[in-house]
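Enquirer: Build me a structure from this.
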Amino acid sequence: MYVDIYNTNKKYNIIYADPPWSYKQKQINFQHYDRGKKYINSVNEHYNTMSNNELIEMKEVINNISEKDCLLFMWATSPNLDVALDLGKEWGFEFKTVAFVWDKQRTNYGFYTLSQCELCLVFKKGKIPKKQANNIKQFLSKKVEKHSKKPDEIRERIDAMFNKCSRIELFARQTVDGWDCWGNEVGGEDE
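Expert: Numbering: from 1, shown residues only. Sure thing, here's the model as predicted:
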């Protein structure tokens with residue numbers, strides 16, 4: 001169910017976020033091995049991004065929707081890992097560990113090594129909500145379906161661990177049973 005996080009009294013034990021990171025990299029054309037098409041290193045062609053300051057400015061609303069015992073699962077790209085760690089702290093959470101590693105089964109160009117994985121970090125506020133499963137694996141190898149779309153299986157793994165907790169997905173692209181969601185792409189082409 002879509003929730004306007006700026007106008008709600010609802011609070012959540014689990015927040016799952018895929019922030020629309022902005023990148024200050026110049027656009028570079030490369031040949032993609034698998035497609036043979038020009039690749040432009042620009043997320044702006046796919047979705048609207050937010051500056052680091054705009055994301056930090058969400059801290060009040062994040063605090064308002066967070067239960068006192070809350071986990072934040074946040075996707076971070078390698079070039080923005082430091083920004084993601086800082087953002088979690090700015091939002092009032094303590095970094096705990098890497099919750100999930102997603103092998104995209106495809107390589108992208110990077111400035112140092114070929115990029116293939118994305119990380120989902122976990123941050124904590126208060127105590128860890130009561131878990132229903134202790135056998136959830138960290139690693140997932142699954143092909144990319146669409147630019148920036150995360151595998152549904154990660155949300156399902158979080159759901160398996162914390163299915164009795166109140167859950168919301170921020171910057172969502174689709175509605176999912178059992179989850180509230182907020183994002184400007186809900187109801188869009190991904191749904």
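
Enquirer: Measure how buried residue 7 is and give me the count.
Expert: Around residue 7 there are 7 other residues, counting by other C-beta atoms under 10 Å. Placement of C-beta: from N, CA and C, glycine included.

Enquirer: Output the contacting helices and strands for the lengthiest strand in the chain.
Expert: Using DSSP state E to define each element, the chain has its longest strand at strand 94-108. The helices and strands touching strand 94-108, judged by 3 or more C-beta pairs under 8 Å, 6 or more residues apart in numbering; DSSP states H and E, are helix 81-90, strand 115-125, strand 139-141, helix 152-161.

Enquirer: Make JSON lines from these and add distance to residue 66 to it.
Expert: What follows is the helices and strands packed on strand 94-108, written out as JSON lines (distance: least, C-beta to C-beta, whole Å):
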{"stretch": "helix 81-90", "distance to residue 66": "12"}
{"stretch": "strand 115-125", "distance to residue 66": "6"}
{"stretch": "strand 139-141", "distance to residue 66": "26"}
{"stretch": "helix 152-161", "distance to residue 66": "16"}
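
Enquirer: wait, doesn't residue 183 sit right on residue 169?
Expert: Yes: counting by C-beta atoms under 8 Å, residue 169 is a contact partner of residue 183 at 7.5 Å.

Enquirer: quick one: which of these two has more around it?
Expert: Neighbour count, other C-beta under 10 Å: between residue 183 and residue 169, residue 169 has more, with 26 against 21.

Enquirer: Can you tell me the strand partners of the helix or strand where the more buried one lies and which way each runs?
Expert: Residue 169 is part of strand 167-170, with elements assigned from DSSP states H and E. If you go by DSSP bridges, strand 167-170 pairs up with strand 12-17 (parallel), strand 180-182 (parallel).

Enquirer: Which one of those lies nearest to residue 115?
Expert: Smallest distance to residue 115 across the strands paired with strand 167-170 (C-beta to C-beta): 20.6 Å, for strand 12-17.

Enquirer: Direction-wise, compare that closest one with helix 152-161 and give the angle.
Expert: Strand 12-17 and helix 152-161 meet at an angle of 170 degrees, taking axes from the mean of the first three to the mean of the last three C-alpha atoms, to 10 degrees as the criterion.
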